[in-house]
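In: Quick one, what's the 3D model for this:
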Amino acid sequence: MQPAIHYAEHGVPVASRTAFDWKTSAETLQGAARKHFLKDGHPLGTGEIFRAPGQAEVLRRIAKHGRDAFYSGEVAEDMIAALSAHGGTHTMQDFEAADSFATCPVEGYYKDSCLAEHPPNGQGATAILLLNILKHFDLGSLDPFGAERAHLEAEAAKLAYDARNRFLADPDHTAQLGHMLSPETAARLAALIDPKRAMPATEPLTEAVHKDTVYITVVDKDRMSVSLIYSIFHGFGSGIASEKFGILLQNRGAGFTLEEGHPNEFGPGKRPMHTIIPAMLKQGEDVIMPFGVMGGGYQPTGHARLVSNLLDFGMDLQSAIDAPRCFADNGTLKVERGYSDAVRRQLSEMGHKIETPNIPLGGAQAIRINDSGVLEGGSDPRKDGCALGY
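Out: Residues are numbered from 1 along each chain as shown. Have a look, this model is predicted:
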């Protein structure tokens with residue numbers, strides 16, 4: 001824990017994209033959070049030093065006493081007080097009962113590779129379904145940056161996310177995963193796609209850009225791979241922080257629905273459908289690429305696009321990450337500036353409502369392990385980050 005304690009205590013310089021997001025999300029901060037995450041009432045700018053001494057103290061306690069130092073005692077009391085001040089009903093027993101658990105990934109094949117994804121209550125199955133639908137089209141024969149490919153991906157995403165919104169939830173409350181991932185389901189959905197015309201949007205998706213997500217992947221000398229993602233959902237999460245230690249609280253409850261009888265209906269003791277999905281690409285039993293694509297609801301589309309860039313179009317890893325993106329999001333097709341105006345016009349003529357987002361779609365990190373065992377790292381210029389070998 002010592003490196004994290006050091007940087008929380010002594011500070012880290014604010015990078016450019018972080019400063020941009022800090023400014024755009026600062027209004028979310030309220031109460032004690034403004035004291036801990038603003039400087040003289042203003043967002044920190046590029047190159048300024050951010051310190052979190054309260055969090056450094058919490059990390060020291062965890063290093064000495066383990067998880068109980070966080071989920072019980074003074075630290076938990078500090079968080080409960082912050083929640084209670086906003087009408088929360090959390091108790092010490094709620095915090096003490098928090099635990100972690102192991103799961104088995106869900107998997108699906110695209111060409112000769114296997115995509116391993118985080119299972120429900122994560123949305124990883126959505127990426128597998130999206131690729132299962134796209135299998136029914138010859139993407140490799142298309143222009144990778146043309147309207148036809150963007151259209152097919154958008155239509156497949158509408159259908160895959162509609163399935164996500166219907167079925168994915170706390171695994172103790174849903175039994176539809178097998179149906180969602182079956183080849184028959186993908187075939188029936190693919191048959192609904194008109195290659196020349198956009199269908200109406202289905203149920204609204206979550207927004208494509210989240211500012212409080214961090215993805216890290218590491219491969220060691222023995223080729224053990226780690227794919228890790230962490231997020232408090234929206235920028236600054238709930239905007240609520242504890243008074244003494246400055247612990248910022250997430251708003252993952254936004255992933256619930258209030259629809260009565262829905263498997264993802266809000267309820268006590270339940271885990272909401274969530275967006276964060278670390279992934280790995282495999283050949284046989286061997287991991288060939290741990291990767292992640294940040295960006296809230298965009299993540300399954302980002303996974304499918306990165307895999308397709310590599311396997312359908314033979315791009316090298318960095319080019320596959322850098323390539324322009326689009327996303328069918330809540331009735332709008334968000335098309336990054338990397339696409340040509342001609343493609344935008346063609347997509348509009350197909351019936352898509354086109355928007356050019358001011359903020360890039362997501363941000364990816366990946367390490368590809370080639371046949372010789374050589375590691376190739378890629379880091380997305382859309383976010384602060386880098387690929388390092390040492």
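In: Report the rounded mean pLDDT for whichever helix in the chain runs longest.
Out: Ranked by number of residues, the top helix in the chain under DSSP state H is helix 147-167. The average pLDDT within helix 147-167 is 97.
In: At which residues are the strands of the protein located?
Out: Ranges of strands in the chain, per DSSP state E, are 12-13, 49-50, 106-110, 113-117, 213-219, 225-231, 279-283, 286-294, 326-329, 332-335, 354-355, 363-369, 375-379.
In: pretty sure residue 181 is in contact with residue 131, am I right?
Out: No. At 10.6 Å, residue 181 does not count as touching residue 131 under the criterion of CB atoms under 8 Å. Every residue, glycine included, has its C-beta placed from N, CA and C.
In: Show me how far stretch 321-340 is from its chain's centre.
Out: 16 Å (CA atoms, centre = their mean, to the nearest Å).
In: What are the buried residues along that stretch?
Out: 321-330, 332-336, 339 (16 or more other CB atoms under 10 Å).
In: May I ask which two of those are separated the most?
Out: Spatially, the most separated pair among the buried residues of stretch 321-340 is 322 and 330, at 25.8 Å (CB to CB).
In: Now for the residue nearest to residue 61 when sequence neighbours are not counted, how many residues are close by?
Out: Nearest residue to residue 61, sequence neighbours excluded (CB to CB, 6 or more residues apart in numbering): residue 69, at 3.8 Å. Residues lying near residue 69 (other CB atoms under 10 Å) number 18.
In: Now for the closest residue to residue 255 other than its chain neighbours, how many residues are close by?
Out: Leaving aside its sequence neighbours, residue 255 sits nearest to residue 272 (CB to CB, 6+ apart; 3.5 Å). Using other CB under 10 Å, residue 272 is surrounded by 20 other residues.
In: Residue 217 is in contact with residue 369, correct?
Out: No. Using CB under 8 Å, residue 369 is not in contact with residue 217, being 11.1 Å away.
In: still on that earlier bit, the longest helix of the chain packs against which elements?
Out: helix 124-134, helix 177-181, helix 183-190, helix 299-311, strand 326-329, strand 332-335, helix 341-349 (3 or more CB pairs under 8 Å, 6 or more residues apart in numbering; DSSP states H and E).
In: Make a markdown table from those and add mean pLDDT and distance to residue 240 to it.
Out: Below are the helices and strands packed on helix 147-167 laid out as a markdown table (pLDDT from 0 to 100; distance: least, CB to CB, whole Å):
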| stretch | mean pLDDT | distance to residue 240 |
| --- | --- | --- |
| helix 124-134 | 98 | 28 |
| helix 177-181 | 96 | 33 |
| helix 183-190 | 98 | 40 |
| helix 299-311 | 98 | 25 |
| strand 326-329 | 95 | 27 |
| strand 332-335 | 97 | 29 |
| helix 341-349 | 98 | 40 |
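In: Let me know which of these is the nearest to residue 223.
Out: helix 299-311 (18.7 Å).
In: how about the helices and strands packed on helix 147-167, which one is nearest residue 79?
Out: Closest approach to residue 79 among the helices and strands packed on helix 147-167 is made by helix 299-311 (27.4 Å; CB to CB).
In: Domains of the protein: list them as residue ranges, please.
Out: Domain assignment of the chain by automatic domain parsing yields the ranges 2-96, 102-233+274-390.
In: So which of the ones you listed is the most surrounded?
Out: Highest mean neighbour count of the domains of the chain: domain 102-233+274-390, a mean of 19 (counted as mean count of other CB atoms under 10 Å).
In: which non-adjacent residue is nearest residue 48?
Out: residue 14 (5.2 Å).
In: what's the closest of the domains of the chain to residue 259?
Out: domain 102-233+274-390 (9.7 Å).
In: What does the pLDDT read for residue 213?
Out: pLDDT, the model's per-residue confidence, is 86 for residue 213.
In: give the contact list for it.
Out: Under the criterion of CB atoms under 8 Å, 6 or more residues apart in numbering, the contact list for residue 213 reads 229-231, 276, 294-296.
In: shared neighbours, residue 369 and residue 217?
Out: With CB under 8 Å, 6+ apart, residue 369 and residue 217 have common neighbours residue 225.
In: distance of the nearest residue to residue 200 once chain neighbours are set aside from residue 45?
Out: Among residues not flanking residue 200 along the chain, residue 331 sits closest, at 7.9 Å (CB to CB, 6+ apart). To residue 45, residue 331 is 35 Å away according to CB to CB, to the nearest Å.
In: what do you get for residue 139?
Out: The value you get for residue 139 to residue 45, if CB to CB is used, is 42 Å.
In: Equivalent analysis for residue 130, please.
Out: 38 Å.
In: Same question for residue 218.
Out: Separation of residue 218 from residue 45 (CB to CB): 30 Å.
In: for residue 143, same thing?
Out: Counting by CB to CB - residue 143 and residue 45 are separated by 41 Å.
In: for residue 254, same thing?
Out: Applying CB to CB to residue 254 and residue 45 gives a distance of 28 Å.
In: With residue 145 instead?
Out: According to CB to CB, residue 145 stands 35 Å off from residue 45.
In: One more: residue 185?
Out: 49 Å.
In: now do residue 11
Out: With distances taken as CB to CB, residue 11 is found 14 Å from residue 45.
In: same question, residue 173
Out: For residue 173, the distance to residue 45 - CB to CB - is 44 Å.
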